[in-house]
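# Could you look at this predicted model? Sequence included:
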Amino acid sequence: MPLPRVFHTPPAMRAWSREQARAGRRVAVVPTMGALHHGHEVLIEEARRRADLVVVTIFVNPMQFDRTEDFQKYPRPEADDLRTCARRGVDAIYFPPVEAMYPDGFDTRVEPGVIAKRFEGVHRPGHFTGVATVVTKLLNAVQPDAAIFGRKDAQQLAVITQIVNDLDLGVEIYGVPTVREPDGLAMSSRNRRLSPAARNAATCVPSALNFAASGLRSGGRPWTEIKSEALAVIEAEPLASVEYLELVDPATFTACEDHGTGLDALVIVAVWVDGVRLIDNQQIPARP
Ligand code: AMP
């Protein structure tokens, strides 16, 4: 199997993509910040189903980090990532240095709307402006037919879907269900930073979500009651502290008072576990 082509600048990336388009081949992109894990590999598989050629982008985007320390500590196992892409038969990797993305004089931002002002937007000021700007730039460089994102970052997926529609970017967006460890913890590049004790403690996040989801699915109890019991699941863990746990409308990220009939809902959660911030969510299908 041929090794993936690696491109470092927008013009080089775009030239390749245009050549593919001229040859009538569909391209799907998987945007990532590297430190690839099995969750990313499932996104790559989905990309393969959606197109003839798969591009993975690897860029740790300084603009979307609200804390410098988090940016600096973000894992960057580049050789491993290149091997994972090769093993998965990725066709091209877009791996720009920061200077190629944000050269001197860079002065534009893509400012997402109201969805981006809630939850993650409140707790990570500027985060979604950074995400919106970098995703727009990545899509412009790769010019894909389709782009694949994880539902683990559900609010990010909602923000990106809105931008792609509003700005007529002409890219099909696909969301992939969250890939989990056997004990239920959502896979994340940040999990590598958990100490063994914190890794054990982190299972309180999926436990709280499962608790909330089964309470909602069985019906009959108010969300406020289910929520306080789900919060207690996390609070029972000394290494964990909750930032938010809420029931929201998955399209708008407005908080729901309760899980009404006929509507999908989403339970979203953000938890600090021993200095590492984890987010997760669970979809609650509409009740008949
Ligand atoms: P990241 O590298 O963490 O920025 O993530 C890149 C893409 O992979 C995003 O679309 C994430 O939502 C997605 N992703 C990360 N973790 C998972 C997971 N456990 N399951 C599914 N998708 C994921």
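Looks like it arrived, so ask away.

# contacts and neighbour counts: CA atoms only from here.
Will do.

# Is the helix or strand harbouring Ala154 positioned near the ligand?
In the assignment (DSSP states H and E), Ala154 maps to helix 154-166. No. For helix 154-166, no contact with the ligand is found by C-alpha under 6 Å from any ligand atom; the gap never falls below 7.2 Å.

# Export only the CA atoms of that helix, formatted as PDB.
Output of helix 154-166 as PDB, limited to C-alpha atoms (Å, rounded to 0.1, in the frame of the first residue of the first chain):
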ATOM      1  CA  ALA A 154     -21.400  17.400  19.900                       C
ATOM      2  CA  GLN A 155     -21.500  21.200  20.300                       C
ATOM      3  CA  GLN A 156     -18.500  21.500  18.000                       C
ATOM      4  CA  LEU A 157     -20.400  19.400  15.400                       C
ATOM      5  CA  ALA A 158     -23.500  21.700  15.800                       C
ATOM      6  CA  VAL A 159     -21.400  24.800  15.400                       C
ATOM      7  CA  ILE A 160     -19.600  23.500  12.300                       C
ATOM      8  CA  THR A 161     -22.800  22.300  10.700                       C
ATOM      9  CA  GLN A 162     -24.200  25.800  11.100                       C
ATOM     10  CA  ILE A 163     -21.100  27.500   9.600                       C
ATOM     11  CA  VAL A 164     -21.000  25.200   6.600                       C
ATOM     12  CA  ASN A 165     -24.700  25.900   5.900                       C
ATOM     13  CA  ASP A 166     -24.500  29.700   6.600                       C
END
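
# near the ligand, which residues of this protein?
Contact residues, the chain versus the ligand (C-alpha under 6 Å from any ligand atom): 31-34, 39-40, 149-153, 176-180, 186-189.

# And for Ile234, the neighbour number?
Look at Ile234: counted by other C-alpha atoms under 10 Å, it has 24 neighbours.

# make that Ala202, sorry
Ala202 has 27 neighbouring residues, counting by other C-alpha under 10 Å.

# Setting aside sequence neighbours, what's the nearest residue to it?
Val273 (6.4 Å; C-alpha to C-alpha, 6 or more residues apart in numbering).

# same thing with Leu53?
Val27 is the one closest to Leu53 (C-alpha to C-alpha, 6+ apart), at 4.8 Å.

# ok, now which ones touch the residue nearest the centre of the chain?
Centroid-nearest residue in the chain, with C-alpha atoms, centre = their mean: Asp153, separated by 3.6 Å. When contacts are counted by C-alpha atoms under 8 Å, 6 or more residues apart in numbering, Asp153 touches 279-280.

# model confidence over stretch 277-286, on average?
Averaged across stretch 277-286, pLDDT comes to 95.

# and the residue nearest to Thr161 when sequence neighbours are not counted, what helix or strand is that in?
Distances taken as C-alpha to C-alpha, 6+ apart put Ile173 closest to Thr161, at 6.7 Å, once the chain neighbours are dropped. Taking DSSP H and E as the definition, Ile173 sits inside strand 172-176.

# what's that strand in contact with?
42-43, 46, 145-151, 157, 161.

# Torsion angles phi and psi at the residue nearest to Leu53?
According to degrees, to the nearest 10, the main-chain angles of Val27 amount to phi -120, psi 130.

# Let me know the pLDDT of it.
Each residue has a pLDDT score; the one for Val27 is 98.

# so how many other residues sit close to it?
Neighbours of Val27 under the rule other C-alpha under 10 Å: 23.

# Kindly export stretch 79-88 (C-alpha atoms) in CSV.
Extracted in CSV, the C-alpha atoms of stretch 79-88 (Å, rounded to 0.1, in the frame of the first residue of the first chain):
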residue,chain,number,x,y,z
ALA,A,79,5.7,9.5,14.1
ASP,A,80,2.9,7.3,15.6
ASP,A,81,0.3,9.4,13.9
LEU,A,82,1.9,9.0,10.5
ARG,A,83,2.2,5.3,11.0
THR,A,84,-1.5,5.1,12.0
CYS,A,85,-2.5,7.0,8.9
ALA,A,86,-0.4,4.7,6.7
ARG,A,87,-1.8,1.6,8.3
ARG,A,88,-5.3,2.9,7.7
